[in-house]
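Colleague: no letters, just coordinates:
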């Protein structure tokens, strides 16, 4: 597997979404993950990345099972994120764990500027 394809897979696992628009690759995700160096690497290997993204279904990332939905549901039975936002099932499947479940019981300590386990 080439470095560009490994980068795409790594970014996907971290929640970056890739979409094809013709021969152009669009990606959305955390700006900390999409560094200028990574964007440049993707641009330089655009043809290979496009071919990979157009690949067979087994090349596509595995989508989370519906069983990962939270207990909280909103209007029309749609999932609700930790922050209370109602989203569609398709959007839910594309959210990162952080966007779905938030800090998972951790609290922000403003003094030391870190997340800590709730006591």
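Modeller: Structure received. All values derive from a computational prediction rather than experimental measurement. Residues are numbered from 1 along each chain as shown.

Colleague: ok, and the closest non-adjacent residue to the residue most central in space within the chain?
Modeller: The centre of the chain sits closest to residue 15, judged by CA atoms, centre = their mean, with a distance of 1.6 Å. Excluding the flanking residues, the one nearest residue 15 by CB to CB, 6 or more residues apart in numbering is residue 96, at 3.3 Å. C-beta coordinates here come from the backbone N, C-alpha and C atoms, glycine included.

Colleague: for residue 85, see how far away the one you found is.
Modeller: 14 Å (CB to CB, to the nearest Å).

Colleague: neighbour count for these two, which is higher?
Modeller: When residue 96 and residue 85 are compared for neighbours, residue 96 comes out ahead with 15 against 12, by other CB atoms under 10 Å.

Colleague: against residue 2, how distant is the more buried one?
Modeller: For residue 96, the distance to residue 2 - CB to CB - is 25 Å.

Colleague: elements contacting the helix ranked longest in the chain?
Modeller: Ranked by residue count under DSSP state H, the longest helix found in the chain is helix 3-13. Helix 3-13 makes packing contacts with strand 17-21, helix 36-44, helix 46-53 when contacts are defined by 3 or more CB pairs under 8 Å, 6 or more residues apart in numbering; DSSP states H and E.

Colleague: among the ones you listed, which is nearest residue 91?
Modeller: Nearest to residue 91 among the helices and strands packed on helix 3-13 is strand 17-21 (10.3 Å), distances taken as CB to CB.

Colleague: which parts of the closest one are buried?
Modeller: Judged by neighbour count (16 or more other CB atoms under 10 Å), strand 17-21 contains these buried residues: residue 18.

Colleague: whichever helix or strand comes after it - what's its average pLDDT?
Modeller: Using DSSP states H and E, the helix or strand that follows strand 17-21 in sequence is strand 24-28. Strand 24-28 shows a mean pLDDT of 83.

Colleague: any idea how far residue 8 is from residue 17?
Modeller: According to CB to CB, residue 17 stands 11 Å off from residue 8.

Colleague: over to residue 47?
Modeller: When residue 47 is compared with residue 8 (using CB to CB), they lie 13 Å apart.

Colleague: and the two? Which one has more around it.
Modeller: Under the criterion of other CB under 10 Å, the comparison of residue 47 against residue 8 puts residue 8 first, with 26 against 10.
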